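S.K.: Sequence and predicted structure are below.
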Amino acid sequence: MAVLKALVVDDASFVRDLVKRTLRQRFPVIEMTEAPNGRRAQSLMSRNRFDLILCDWEMPEMSGLELLQWMRADDYYRKVPFIMITSRGDKSHVVEAVQEGVSEYLGKPFSPEGLSKKVVKVMGRTLQNAMADSGAAAPGADAFRESADLLTRKPAPDAPAPAPASRQERGGKLVVAAIRFADSTLKCVIKDITLTEVRVIAKRDQVFPGILDPAVVDMEVADGRMARLNGYVHQLQAVDKRQDTDFVSVTVRFVDDDPKKLEDLSHFIAGFRR
């Protein structure tokens, strides 16, 4: 049976597990290896040959962009598909990744369907033939036809990033935030935030995520930069005991191990508690 080898690179183990689970369920011919940062990925790639790289951008020791630059200078990896999976979806970052030779760009948080379509798009007939040789059900023909508008031709993020958490109303007042999920954005108010999680209150009339759904919390830190924290939904709870309550409490637990992101989060918390 033909086997394809993929390397999943992300400093958040939760994200690596989600990518691996999706690929394992939908593409059984893909054998997966993982790495917590670009430096470890580079070491693995120097000793092994992979057919597909799925990589985060912001990681300690070596970023996804630096790994991509190293890849494109290597004889073997020059043409190997590279999917950048990241919360950095603004146009300037997309263009920068395209200029360095990224094959596809997938914004966090992502759905299994969105990830699968990107894999099908970059692997093309190689994946289709491997699935056919193995006797597994081939990915849908529609997915293979969705090859138009590759980012290498028309750079564009998967979705525009929502407005960051507002800092104007801190100091005892409301701090408005927007948390992104794969298929929706939740407008909410931050009730509490620590280095490990954030608890928000949102009106019930919105589309709510499910438990364990991936999430991205966008925050504006002291110098005006955007800090994007990856996480997952840890808890959903009614604010009061009434069945017709108008508000729901959502707790998102952070999964990033990047020291820079933890520093940004610390600055945000300090400002929040003033």
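M.R.: That came through, no problem. Just so you know, these numbers come straight off a predicted model, no measurement behind them.
S.K.: CA atoms for contacts and neighbours, from now on please.
M.R.: Fine.
S.K.: Run through the stretch 1-150 of the chain and note the low-pLDDT ranges.
M.R.: Within the stretch 1-150 of the chain, the stretches with pLDDT under 70 are 1-2, 136-150.
S.K.: Next, the buried residues of stretch 73-91.
M.R.: For stretch 73-91, a neighbour-count test (16 or more other CA atoms under 10 Å) marks 77, 79-89 as buried.
S.K.: In helices, which of these appear?
M.R.: Among the buried residues of stretch 73-91, the subset assigned to helices under DSSP state H is empty.
S.K.: ok, which stretches of the chain are helices?
M.R.: For the chain, the helices defined by DSSP H cover 13-26, 38-47, 64-72, 91-99, 112-134, 141-145, 259-272.
S.K.: most tightly surrounded among those?
M.R.: helix 64-72 (a mean of 20; mean count of other CA atoms under 10 Å).
S.K.: Okay, angle between it and helix 38-47 too, please.
M.R.: In terms of direction (axes from the mean of the first three to the mean of the last three CA atoms, to 10 degrees), helix 64-72 departs from helix 38-47 by 20 degrees.
S.K.: So which elements touch helix 64-72?
M.R.: helix 38-47 (3 or more CA pairs under 8 Å, 6 or more residues apart in numbering; DSSP states H and E).
S.K.: what sits up against the helix it packs on?
M.R.: The contact list for helix 38-47, computed with CA atoms under 8 Å, 6 or more residues apart in numbering, reads 7, 9, 34-35, 59-64, 66-67.
S.K.: can you pick the most crowded of the residues you listed?
M.R.: Sorting those by how many neighbours each has (other CA atoms under 10 Å) puts residue 9 first, at 30 neighbours.
S.K.: on that earlier part again, of the helices of the chain, which approaches residue 231 most closely?
M.R.: helix 13-26 (8.1 Å; CA to CA).
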